[in-house]
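Student: Only the shape, not the letters, is given here:
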């Protein structure tokens, strides 16, 4: 893990600020949900790894010229997701070119997200990421895979992914709602140990994305 982190840091030009970009999309879904989640995750990344990340996330669209500058693209929401043909092409180019998308289902995103991923990658399936994948072990160990953070309908948590040439380019957290666990204490009344599991998984996701971006 250490060589990957050093390589990732060395790949960032001096003066640039690493961070997370939140994806703004059309279709009616609340892309802005969980307002305190990403600042809290960025704080955890900074304090636990020493990586000088930004204090707040950037907000981008799929057609934003700065999209390739962000190693970790995050999207969430409860409702519909709809991309234009140009946005699909831009997201595909970003991911093929080394980017990483984390989609965090906030309960209600599933149907439209899967539909859009099929449009972007018609020849690649969302498949369950096995528990031995590095994304579950970059810094913190999750031997059983993605943790359960927030209950909606009692289903087991799952982490799905799209792989291109063996590289995980899309990670889809389903039936867990990591963003709820990243929010300010008291927003969802999650116990400290549950919030800790969410933050640990978030740190792993960021470190994995950073290593991919530098490779």
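Tutor: Okay, I see it. Here the structure is a predicted model, which means the values were calculated and not measured. Residues are numbered from 1 along each chain as shown.
Student: For the closest residue to residue 145 other than its chain neighbours, what are phi and psi?
Tutor: Spatial nearest neighbour of residue 145, chain neighbours left out: residue 131 (4.2 Å); criterion: CB to CB, 6 or more residues apart in numbering. In short, each C-beta sits where N, CA and C put it, glycine included. When read as degrees, to the nearest 10, the backbone of residue 131 gives phi -60, psi -20.
Student: was I right about residue 91 contacting residue 81?
Tutor: No: under the criterion of CB atoms under 8 Å, residue 91 makes no contact with residue 81, lying 11.2 Å away.
Student: Might you report the residue contacts of residue 155?
Tutor: residue 175 (CB atoms under 8 Å, 6 or more residues apart in numbering).
Student: Wait, a helix at it?
Tutor: No: counting by DSSP: H, G, I helix; E, B strand; the rest coil, residue 155 is not found in a helix; it is coil.
Student: just use 754 as the starting number from now, easier for me
Tutor: Okay, using 754 as the starting number, the last item reads as residue 908.
Student: My impression was that residue 864 belongs to a strand - is that right?
Tutor: No: Residue 864 is assigned helix when assessed by three-state DSSP, not a strand.
Student: Endpoint to endpoint, stretch 802-811 covers what distance?
Tutor: Start-to-end span of stretch 802-811 (CA to CA, to the nearest Å) is 20 Å.
Student: same question, stretch 895-902
Tutor: 13 Å.
Student: and if you look at stretch 844-853?
Tutor: 10 Å.
Student: returning to what we had before: and the residue nearest to residue 898, how far from residue 897?
Tutor: In this view, residue 884 and residue 897 are 6 Å apart by CB to CB, to the nearest Å.
Student: can you check residue 875 too?
Tutor: 32 Å.
Student: Return the helix or strand in the chain with minimum mean pLDDT.
Tutor: helix 755-763 (a mean of 47; mean pLDDT, DSSP states H and E).
Student: Could I get the full set of strands for this structure?
Tutor: Assigned by DSSP state E, the strands in the chain fall at 774-776, 811-813, 826-830, 854-858, 880-881, 911-917, 920-927.
Student: Show me what the last one is packed up against.
Tutor: Based on contacts counted as 3 or more CB pairs under 8 Å, 6 or more residues apart in numbering; DSSP states H and E, the elements that strand 920-927 packs against are helix 838-849, strand 854-858, helix 863-873, strand 911-917, helix 945-967.
Student: Just want the angle from it to helix 863-873.
Tutor: Compare the direction of strand 920-927 with that of helix 863-873 by axes from the mean of the first three to the mean of the last three CA atoms, to 10 degrees and you get 160 degrees.
Student: Within its sheet, name the partner strands of strand 920-927 and how each one runs.
Tutor: Taking DSSP bridges as the criterion, strand 920-927 forms sheet pairs with strand 854-858 (parallel), strand 911-917 (antiparallel).
Student: Identify all contacting residues around the first one.
Tutor: Meaning strand 854-858. Residues outside strand 854-858 that contact it (CB under 8 Å, 6+ apart): 776, 825-829, 844, 847-848, 862, 866, 922-928, 930-932, 958, 962.
Student: Please work out how many residues are found near the closest residue to residue 783 other than its chain neighbours.
Tutor: Using CB to CB, 6+ apart and skipping the chain neighbours, the partner closest in space to residue 783 is residue 830 (4.8 Å). Neighbourhood size, residue 830 [other CB atoms under 10 Å]: 26.
Student: That concludes my questions; thank you for your assistance.
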